[in-house]
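**Student:** With the sequence up front, the predicted model follows.
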Amino acid sequence: MYIWNWDWIWLYREQLIDATLLTLWLNVIVLIIGSLFGVLLGLLKRTRYKIFKVIASVYIDLFRTLPVLVLLIWFYFCMPILFDIKISAFTTSVLVLSLNLSAFIAEIVDAGIENIPRNHIESARLLGFSYWQTNKLITLPIALKNMTPPIVSQYINSIKLSVLASVIAVPELLNVSQNIISQTYRPLEFYTFLAVIFLIILLPWTLWSKRLESKSFFKNKKDKN
């Protein structure tokens, strides 16, 4: 029978704390970069200039289709060979996770704008607003309410995917936990600790997402009635 011993967690507390902080920092950077770039792509996809629409559509389809694990390995191991560009494992993780997140955010933004009543946009154009003024002052504020629930859900998914950074030796929680387990042969304690930390990180996001979806559901039902 396996005998639990939580003293091992305390013994390696400094490494685990550092790994937790790095995991949080990685995700903060990814969420910021992925969100900003995703919003820009979503707007480009709806512009009247065909070249920008094509570029945005190709980008979105490409990075929504390719698995994050494959992208991580390709960028980290293949880019130095093909282009003589060497980037760190942490930077590679930020880049790949941001590219993945931005593609999904762009689709959410595009769908959110698509659902805005046309008369709002047409009224702004009649008042002489430019394309970017219309998006900034009219389109995005209205669409934001509908976009927030799926964006929060996508953030949750992105945070879960961050553990894949361990495959290129980023010293985040999963990587550090696996290294410690290989030394101590105490998998249950450290994997349980890992699960608890991610539960603490993701549970508030999950509850917020459910609350937003519930509000959106009742609002839409009320509007229909």
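**Tutor:** Structure's in. What do you need? For clarity, every value in this text was computed on a predicted model and none was experimentally measured.
**Student:** contacts, neighbours, all on C-alpha from now
**Tutor:** Noted.
**Student:** so what's the spatially most central residue of the chain scoring on pLDDT?
**Tutor:** Residue closest to the mean C-alpha point of the chain, counted by C-alpha atoms, centre = their mean, is Ser158 at 3.6 Å. If you check Ser158, the pLDDT there is 96.
**Student:** which helix in the chain runs the most residues?
**Tutor:** The longest helix of the chain (DSSP state H) is helix 187-224.
**Student:** thinking again about what came up before, you'd agree the residue nearest to the centre of the chain is up against Leu101?
**Tutor:** Yes - if you go by C-alpha atoms under 8 Å, Ser158 and Leu101 touch, sitting 6.6 Å apart.
**Student:** quick one on the thing from earlier: what sits against the residue nearest to the centre of the chain?
**Tutor:** Taking C-alpha atoms under 8 Å, 6 or more residues apart in numbering, we find Ser158 in contact with 27, 97, 101.
**Student:** contacts for the helix or strand where Ile181 lies?
**Tutor:** Using DSSP states H and E, Ile181 sits in helix 173-184. Among residues not part of helix 173-184, those counted as contacts by C-alpha under 8 Å, 6+ apart are 15-16, 19-20, 23, 163, 166-167, 169, 187, 190-191, 194.
**Student:** if we can go back for a sec, how big is the angle separating the longest helix of the chain from helix 173-184?
**Tutor:** Orientation note: helix 187-224 sits at an angle of 160 degrees relative to helix 173-184 (axes from the mean of the first three to the mean of the last three C-alpha atoms, to 10 degrees).
**Student:** what distance separates helix 187-224 from the centre of its chain?
**Tutor:** Relative to the centre of its chain, helix 187-224 is centred 15 Å away, using C-alpha atoms, centre = their mean, to the nearest Å.
**Student:** other SSEs contacting it?
**Tutor:** helix 7-11, helix 140-161, helix 173-184 (3 or more C-alpha pairs under 8 Å, 6 or more residues apart in numbering; DSSP states H and E).
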